[in-house]
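Student: give me coordinates for this.
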Amino acid sequence: MRIIVLLLSITTVVLYGYALAGMGGFLIGRGRIDYIVWGLAGGTTTAVAALWLWKKSIHLYFKDED
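Tutor: As a prediction, this is how the structure comes out:
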């Protein structure tokens, strides 16, 4: 589960990077709306999935041992 959350988190950073690349392209006159939309939608989706999986499985990693 940790590996899946890690991969989703890395994918989130990559996809948000695509969104930034699309927006940064407007500074040089070659912006790409599809990169922005794809990056923001995909990045947000993978971020939500990573947080949901982490919250679902966090009890496995932090057990109370009294």
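
Student: which non-adjacent residue is nearest Gly25?
Tutor: Leaving aside its sequence neighbours, Gly25 sits nearest to Gly31 (C-beta to C-beta, 6 or more residues apart in numbering; 4.0 Å). (Each C-beta comes from the backbone N, C-alpha and C, glycine too.)

Student: can you read off the backbone torsions of that neighbour?
Tutor: Backbone torsions for Gly31, taken as degrees, to the nearest 10, come to phi -70, psi 150.

Student: equivalent analysis for Leu51, please.
Tutor: Here is the backbone geometry of Leu51 (degrees, to the nearest 10): phi -70, psi -40.

Student: what does the model give the residue nearest to Gly25 for pLDDT?
Tutor: pLDDT recorded at Gly31 is 84.

Student: got any ranges where the chain has weak pLDDT?
Tutor: For the chain, applying pLDDT under 70 flags the ranges 64-66.

Student: show me where it has helices.
Tutor: Along the chain, the segments classed as helices by DSSP state H run 2-24, 33-57.

Student: which one of these lies nearest to Lys63?
Tutor: Of all the helices of the chain, helix 33-57 sits nearest to Lys63, with 12.1 Å by C-beta to C-beta.

Student: packing partners for the closest one?
Tutor: Secondary-structure packing of helix 33-57 (3 or more C-beta pairs under 8 Å, 6 or more residues apart in numbering; DSSP states H and E): helix 2-24.

Student: list the contacts of Gly25.
Tutor: If you count contacts by C-beta atoms under 8 Å, 6 or more residues apart in numbering, Gly25 has them with 31-32, 35.

Student: from the centroid of the chain, which residue is nearest?
Tutor: Residue closest to the average C-alpha location in the chain (C-alpha atoms, centre = their mean): Thr12, at 1.9 Å.

Student: ok, that residue to Leu27 distance?
Tutor: To Leu27, Thr12 is 24 Å away according to C-beta to C-beta, to the nearest Å.

Student: what is the neighbour count of the closest residue to Met23 other than its chain neighbours?
Tutor: Sequence neighbours aside, Ile36 is the residue nearest to Met23 in space, at 5.8 Å (criterion: C-beta to C-beta, 6+ apart). Close neighbours of Ile36, defined as other C-beta atoms under 10 Å, add up to 19.
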